[in-house]
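Engineer: Pasted the sequence and its predicted model underneath.
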Amino acid sequence: MKKKIFFIIPIVTVILLCTYFFIRKNYIDNKQSLKYHTKKINEINSSTNSLIKEDNINIDKSKEELPKIISELVIVKNNLTSLTPSDKEIKLKNDIIKGVNNNIHIYEQLLSIFNNPKGKDIDKSFENVKKYKKECLKYYPLEEKSLKYIDLSIYHIEGLIRENKDKEIHHSHYKDFIDNLDGILSSFIEIKIDFLSYRDDIDDNKLTYDEVINTLDYVTSEFEEVKSNFSKISVPNQGVECYKLFSKILDYYSSYLKSFEYAINKELEAIKNDSSITVANSNYLYTESNLNYKLMNSNYNDFIKIYLDFKKENEK
């Protein structure tokens, strides 16, 4: 019995020693592995230094290299996840994993912005970059070169956001101008009438003078509203030419309506006083109004060509 006990004791001792050395080796391996992966993370982050050119972000190179950097960090994260450190090291492991996870998200957001700098969600992605940077720094310090790259990227993105907002304001201003002028132009087209044909209808007994004068009064009233609306629109810098051209059209049409009104009232008065006066022999009264209409129409055709080009350029 004693011999059996003496025999068992060395075996148990060997097993305990083996277990101890195995656990210790595993502990040392895991501890060294944590150090190795931390070093590896720093090396990967340091590589972003090659994406900086004269204190500016090299966007094209960033779009090419960031996917590789992200992939390398994902591999490190997966390797860390598979480690089984001691209770003493478990917090360190978890902190590194949380840090590298946020580290990855920083580069993912940067890549997303660089690939689509005019994206509607750029503001959100920008806020995410700052959030992930802050979270990452809670768990491990970012390598100096990487921190510089991220900070320069943030500065670059701020410039993109300002530029995008300036373009939005510019586009909004021009859109408002186009929308307003389209409405005014549509209203003007409805009352852009050559009343000379109405005189022919009078001669053919299709219309009376009173009916033509009533129509003229209505058009004049509507025209005043068009002019009033036109005077209220805000004009962007590049819209000044269109504005001036249309203003000239309105001036000529205003002169046309006044001169036509004068002519038709003179004609009606002459006919009432002298039965020999007819539409045919009173055409001379409309010389000025005819000229004003031709000038208005010529400017109108020029305006339409220029305005269509302006809309095409600013509705992109």
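Structural biologist: Sure, I can see it.
Engineer: pretty sure residue 220 is in contact with residue 261, am I right?
Structural biologist: Yes. If you go by C-beta atoms under 8 Å, residue 220 and residue 261 touch, sitting 7.4 Å apart. Just so you know, the C-beta spots here come from the backbone N, C-alpha and C atoms, and that holds for glycine as well.
Engineer: Overlap of the contact sets of those two?
Structural biologist: In terms of C-beta atoms under 8 Å, 6 or more residues apart in numbering, residue 220 and residue 261 are not both contacted by any residue.
Engineer: All the helices of the stretch 1-150 of the chain, in order from the start?
Structural biologist: Ranges of helices in the stretch 1-150 of the chain, per DSSP state H, counting those that start in this stretch, are 2-46, 59-82, 87-115, 122-139, 144-191.
Engineer: Show the pLDDT at residue 157.
Structural biologist: For residue 157, the pLDDT comes out at 97.
Engineer: for residue 144, that is, sorry about that
Structural biologist: For residue 144, the predicted pLDDT is 94.
Engineer: Distance-wise, check it relative to residue 48.
Structural biologist: 11 Å (C-beta to C-beta, to the nearest Å).
Engineer: Please identify which of the two sits among more neighbours.
Structural biologist: Legend: neighbour count by other C-beta atoms under 10 Å for residue 144 and residue 48, higher for residue 48 (25 against 12).
Engineer: For residue 247, see how far away that one is.
Structural biologist: 57 Å.
Engineer: got it, and residue 161?
Structural biologist: 37 Å.
Engineer: do the same with residue 286
Structural biologist: 25 Å.
Engineer: neighbour count winner among the two?
Structural biologist: Shown here are residue 286 and residue 247; by other C-beta under 10 Å, residue 286 has more neighbours (20 against 14).
Engineer: That one belongs to a helix, doesn't it?
Structural biologist: Yes. Looking at residue 286 with DSSP: H, G, I helix; E, B strand; the rest coil, it is inside a helix.
Engineer: Which residue lies closest in space to it, excluding its sequence neighbours?
Structural biologist: Closest residue to residue 286 apart from its sequence neighbours, by C-beta to C-beta, 6 or more residues apart in numbering: residue 263 at 4.8 Å.
Engineer: helix or strand for the one you found, which one?
Structural biologist: Using DSSP states H and E, residue 263 sits in helix 240-273.
Engineer: Map the structural domains onto the sequence of the chain.
Structural biologist: 2-166, 192-314 (automatic domain parsing).
Engineer: Lowest mean pLDDT across those, which one is that?
Structural biologist: Mean pLDDT is lowest for domain 2-166 among those, at a mean of 86.
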